[in-house]
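Undergrad: fold the stuff below for me.
(2 chains)
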There are 2 protein chains.
Amino acid sequence: MTITGNQLIGGSDTPGKEATFFAVNPATGEQLSQPFTGAGKTEVELACALAAEAFSTYRHTSLSERASFLEQIAQNILVIGDELIDAAMSESGLPRTQLEGERTRTVNQLNLFAAMVRSGDWLGMRHDPALPDRQPLPRPDIRLRHIGIGPVAVFGASNFPLAFSVAGGDTASALAAGCPVILKGHPAHPATSELVGRAVQKAVFDCGLHVGVFALLVGPSIELGAALVADPRIKAVGFTGSRGGGMALMRIAASRPEPIPVFAEMSSLNPVVLLPGALATRAESIAKSFAVSLTKGAGQFCTNPGLLLAIEGPGYDAFLHAATEAIEAAPAGTMLTPAIHGVYTQQTANLAKHGALRQVVRGQPGTGPHECQAALMVVDSSDFLLDPVWHNEVFGASSVLVRCPDLATLQDVIGHLEGQLTATLQMDPADLPMAQQLVPKLEEKVGRILVNGWPTGVEVASAMVHGGPFPATSDARMTSVGTLAITRFLRPVCYQDFPEALLPEVFKH
Amino acid sequence: MTITGNQLIGGSDTPGKEATFFAVNPATGEQLSQPFTGAGKTEVELACALAAEAFSTYRHTSLSERASFLEQIAQNILVIGDELIDAAMSESGLPRTQLEGERTRTVNQLNLFAAMVRSGDWLGMRHDPALPDRQPLPRPDIRLRHIGIGPVAVFGASNFPLAFSVAGGDTASALAAGCPVILKGHPAHPATSELVGRAVQKAVFDCGLHVGVFALLVGPSIELGAALVADPRIKAVGFTGSRGGGMALMRIAASRPEPIPVFAEMSSLNPVVLLPGALATRAESIAKSFAVSLTKGAGQFCTNPGLLLAIEGPGYDAFLHAATEAIEAAPAGTMLTPAIHGVYTQQTANLAKHGALRQVVRGQPGTGPHECQAALMVVDSSDFLLDPVWHNEVFGASSVLVRCPDLATLQDVIGHLEGQLTATLQMDPADLPMAQQLVPKLEEKVGRILVNGWPTGVEVASAMVHGGPFPATSDARMTSVGTLAITRFLRPVCYQDFPEALLPEVFKH
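TA: This next block holds a predicted model:
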């Protein structure tokens, strides 16, 4: 496929009106040769006008038409072949196997949403039949179904150039809901975005849909995203990224004449509680699997285990010993962008100088230009509770081990945490009574609780929750992974005393 | 029951620290004799601390315990007897039969939510069983259920002193979701609020629940509501009232360090489309039933038919003739408060002077101090489209009839409307083709579409939607009436690879 560096709007590609930009290969530090035009207000205006127009036809597609469209996107992504993986590797520094896995996940996710669309469950249909003889007043016949909320702006994430980007979970769930999508591509991977964007654009064409159903706008300017969220035709926003970025979009959305919901997945430490029974029997294997989870993909996952909580004692000592060995041996991995690497290096360097630190363990230093040197910082619970700096997410392979004197203190630490995507219990059967005390506390803080696993690796399924109380997300009532994610983009409509001939088609089956 | 004029917090009643205030009987214009102490920051602090504490136990009540609690509230409200109706009459000016009907509705609503809680459907449980042999990676066992979001602040509405007030729909759905409720009572009906508040407080006691599950704070100050919404322990807000009031709460909620959702039901014109076939055969009966719907309860309903759209012709003329007769004969009704009456009088007087008006029809003038004189304003569609003043809700028995030259113009008018709670089609079988064209447009603007009814009278049922795009509500994805209203206060939690013994009870049945 030819990369043009243009904006994909209205079924064609057009150069953006803003300044040209280039991606950087983080593994080499070199600027890539393909120029990309930048999108701005002109492109936002055009894409939003088309999306609003497309909504009034796209939302009426049958379950089968809409499902086929999602499957066609999946198919078209696979057709790109190795070119997509190569582009994503050179723009993200992520390893081939990880990107191949991510492509599989992206395609499966589209197919899962297609199956869900076909099932019609998401319509949430309800019917209260008329009760003409009810006293004192008859009951009318009322029916309910859900429809799409309108055009949705989706922000591609830096860390999943496929699964949380152009045709990722937000896009799949918005399209499944019947909402046109305007995708604000992440400027770190514009070629990857364009390739996938063309696959979606081709699927729109293949399925004979209105060209406004999808647009891809890419550019490095903050104004681009701001203009998109501010546009009155946009009715909801999906975002995965930093707390600062998510909060900025929330502010824009809340100050519009018509405020709209922003579903931002932002920041999470993903606490892992190492219970004494588990540490007594398998401290070493827990430490090793922790190091693997921490350093996988240079730690650049929303669900990276950035916080460990444990009670001091021999098990704790054994864990720390083994974790130190494992982290010290961990090779550095290329980070997604020079900027992300710069922030990581600065944050970990600052933490490593913190007066309250008991110990700092560092991984192997990098040999390339933007590599992430793993870090494990050890602090006492009393110090952890004193300084909010420990509550800031460090994006990358850095984690904080909090040494607690007893279970009550550990619970106190949990009580002081902000909202999180996940919490994990490493436990043995002997830990059950402690775990039973902790689960109710953790439920109030997180969207997903795991037992004896690691939070990285988020299954795309019907029962998944990738969400959680603020600041993990902007709306704890929602998830951005799994089929329940569609509810973000749906609203109910009630039909009272409709004659059969006037009812929407979905009620007629 | 003795009215003390105190704040109901923590299972007891305590005088508020703010200035004393009095309610006014709008039918006489006289101040009522019972003094009420005002609540402020001190009371917010105490109630929020208790609510946060209560959440951690209340949310674990069994389905049956929680359902019994809701039923006990309903029972305790009935036990108050005539004293409640008398108090509400003297504080709201609403007629006895209407308030008795509202009490029935309130009690039925609590019982409906109780039945829903018992069913467990609202838990939205999902289960993806483990697939240990899946390639390339096994699938973990994941389960999902919903839990309450945390303490909820509910603002009592002026116009439904029972059904949208202390134990109204927001309270019932929040308590059903497992969320403690802090009720900010409307200062126009403090005695009614206290009576119902005591019924709820007694139910908390009867059922042996934590005293923080419910508090009633009443006071006339704007700071009271603002402090409540700003409190970090409050996790969501339910509000029914004016656009200005709702927007103010939304701004406070959005600017908190931890932003929270505000479910505000604010402003709606509730357009009624009078199709030519219906007008040709029954213009007079439509006009009569319109006048009844418009003037019922002095028009003080969120779903009051404040806008009529019709195509000019003999049917239109017949309707206008009959509507003029019906409105001119309509007696005035007492409004809820002097302030509401003042705003209504000012708004209708200003509209009646509007240069674009074709005609103004007024109802019978009032004989009491705060009576609502009905109004029907007639404008051409071209003028309606020119001035946004026609899009402002007039709270009371005032409606605007828009004369359209043809269906295309009528559709254009619909296209220019803001979000609405309802839209209604008055149609005969001959109007079906036109109705089929209009329904898709209306779906994008409203939460409920009715055929041959009137929007006042909102059935409390499983398929009801009392919601709609902004500014009808702050979140088009939700409803504040019907069992679906519970979803406003729920969030999903996922349990991954939990051993049976650690799973929450609800998974064990």
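Undergrad: contact partners for A:Pro259?
TA: Contacts here follow C-beta atoms under 8 Å, 6 or more residues apart in numbering or on different chains; on that basis A:Pro259 touches A:Ala253, B:Met250, B:Ala254, B:Phe470, B:Ser474. Heads up, the C-betas are built off the backbone N, CA and C, glycines and all.
Undergrad: how about these in TSV, adding pLDDT, secondary structure and neighbour count?
TA: TSV is the format used below for the contacts of A:Pro259 (pLDDT from 0 to 100; DSSP: H, G, I helix; E, B strand; the rest coil; neighbours: other C-beta atoms under 10 Å in any protein chain shown):
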residue	pLDDT	secondary structure	neighbour count
A:Ala253	98	helix	23
B:Met250	98	helix	24
B:Ala254	97	helix	17
B:Phe470	97	coil	23
B:Ser474	97	coil	25
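Undergrad: now, the most widely separated pair of these?
TA: Farthest pair in those (C-beta to C-beta) is B:Ala254 and B:Phe470. Separation: 13.8 Å.
Undergrad: between the contacts of A:Pro259, which is nearest B:Phe263?
TA: Among these, and counting by C-beta to C-beta, the member closest to B:Phe263 is B:Ser474, at 6.3 Å.
Undergrad: ok, what's across the strand from the nearest residue to the closest one once chain neighbours are set aside?
TA: Once flanking residues are discounted, B:Ser474 sits nearest to B:Ala264: 4.1 Å by C-beta to C-beta, 6 or more residues apart in numbering or on different chains. For B:Ala264, the beta-bridge partners under DSSP bridges are B:Phe239.
Undergrad: measure B:Ala264 to A:Gly342 for me?
TA: 42 Å (C-beta to C-beta, to the nearest Å).
Undergrad: if you count surrounding residues, which of those two has more?
TA: For B:Ala264 versus A:Gly342, neighbours defined as other C-beta atoms under 10 Å in any protein chain shown are more numerous around B:Ala264 (28 against 12).
Undergrad: list the contacts of that one.
TA: Per C-beta under 8 Å, 6+ apart, neighbours of B:Ala264: B:Val237, B:Phe239, B:Thr240, B:Gly241, B:Gly245, B:Gly246, B:Met247, B:Leu249, B:Met250, B:Thr473, B:Ser474.
Undergrad: ok, the fifth one touching B:Phe239?
TA: Going back to what we said before, that points to B:Gly245. Yes: B:Gly245 is within contact range of B:Phe239, at 7.1 Å (criterion: C-beta atoms under 8 Å).
Undergrad: quick one: common contacting residues for those two?
TA: By C-beta under 8 Å, 6+ apart, the residues touching both B:Gly245 and B:Phe239 are B:Phe155, B:Ala264, B:Met266.
Undergrad: who are the contact partners of the first one?
TA: Which is B:Phe155. Here B:Phe155 is in contact with B:Lys184, B:His186, B:Gly225, B:Val237, B:Gly238, B:Phe239, B:Thr240, B:Gly241, B:Gly245, B:Leu249 (C-beta under 8 Å, 6+ apart).
Undergrad: closest one of those to B:Arg282?
TA: Using C-beta to C-beta, the contacts of B:Phe155 come closest to B:Arg282 at B:Thr240, 33.6 Å.
Undergrad: could I get the contacting residues of that closest one?
TA: B:Thr240 sits in contact with B:Phe155, B:Ala157, B:Phe160, B:Phe164, B:Asp170, B:Ala264, B:Glu265, B:Cys302, B:Ser480, where contact means C-beta under 8 Å, 6+ apart.
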